[in-house]
Structure formats: structure tokens, C-alpha cells
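[1] The sequence and its predicted three-dimensional model are supplied below.
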Amino acid sequence: MSRGIRRGRGTFMGMDVLILHTVGRRHGQPRETPLAWFADGDDARLIVASGGGSQHPDWYVNLMANSDRASIELPGRDAVPVIPHRLEDADREQAWQRIAAAQPRIAKYQAKSDREYPVIRLTPR
């Protein structure tokens, strides 16, 4: 897990955090990644695949390769299977505006990158 994130702790640098459970695309090993998330309706959550700017992060590639095996864990709760959906066009833009308003630092990172960060909606399976 990333520095400063522990199970049961729900925030990091002022952002809500979940643990994304994926399966590695090459070796099929389980992976856990702490990620900031943003509410999207009652049960859905949005995550952003920034990966430091230059390339898609491994968790994103694993998630898209094995989307049927993804789940999320929130503090104090069991993992819940989810369906990931990459947002496109107007859906992405609307979600991005909410994300950038909630966390302007993400918008700064995006402005420095040549790549558009994928925004993924996670809904319970």
C-alpha cells in the first residue's frame, strides 16, 4: 500500500480514499491500490487514472484487462465487486468538472500532461 494509507483510514491529503482490488493482467496476481475517489450519485464512485502524468498507471491497465474481477474496499467495510466504466466525451467532462472543483490539485496535474486522464465510474456489481 502507498505510504500513509492504512486500512480503516479513509482520507489522504484531504481526499477520500478507497482500496481498489484488481488482478494483474500478466500473472493473474491480486493487486490492491489506494486511490482517491469522488462521489457520483448514491452508489457510484469516480476515480482518476493520473499515474504521474506520462502514462496510464498499472492499476488502470489491470482494471480494464480484468474488469469482471474488480472490487473496492472502503474503511471498515468488506470489499464490494464493482463494474468499471471509462467515461467519454460529455460524461467525462461533467465528471471532470466536479472532480477538479473538489480537488484543484488534480486539475493542475492534468494541465501539465499531454495525455487526458481517464475517469472511471465504479458501480456496485
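    Alright, I've got the coordinates.

[2] burial measure for Asp89, as a count.
    Using other Cβ atoms under 10 Å, Asp89 has 7 other residues around it. For the C-beta atoms, the positions are set from N, CA and C on the backbone; glycine is no exception.

[3] Next one: it from Tyr117, what distance?
    Going from Asp89 to Tyr117 by Cβ to Cβ, to the nearest Å gives 15 Å.

[4] Scan the chain for its longest helix.
    Longest helix of the chain, by residue count under DSSP state H: helix 89-102.

[5] On the strand side of things, show who Thr33 bridges to.
    Leu20 (DSSP bridges).

[6] Next, count neighbours for it.
    Neighbours around Thr33, by other Cβ under 10 Å: 19.

[7] Can you give me the buried ones in the longest helix of the chain?
    Residues 92, 95-96, 99-100, 102 are the ones in helix 89-102 that count as buried (16 or more other Cβ atoms under 10 Å).

[8] from those residues, which two are the most distant?
    Arg92 and Ala102 (15.5 Å; Cβ to Cβ).

[9] just so I have it, where are all the helices in the protein?
    58-65, 89-102, 104-111.

[10] Quick check: pLDDT value at Arg9.
    In this model, Arg9 is scored at 52, pLDDT.

[11] Repeat that for Ile19.
    95.

[12] Name the nearest residue to it, sequence neighbours excluded.
    Glu73 (4.1 Å; Cβ to Cβ, 6 or more residues apart in numbering).

[13] now do Leu87
    Val119 (4.7 Å).

[14] Is that neighbour in contact with Ala95, as I believe?
    Yes. The criterion here is Cβ atoms under 8 Å, and Val119 meets it with Ala95 at 5.0 Å.

[15] Would you enumerate the residues in contact with Ala43?
    Slight slip there: residue 43 is Asp, not Ala. Neighbour list for Asp43: 123-124 [criterion: Cβ atoms under 8 Å, 6 or more residues apart in numbering].
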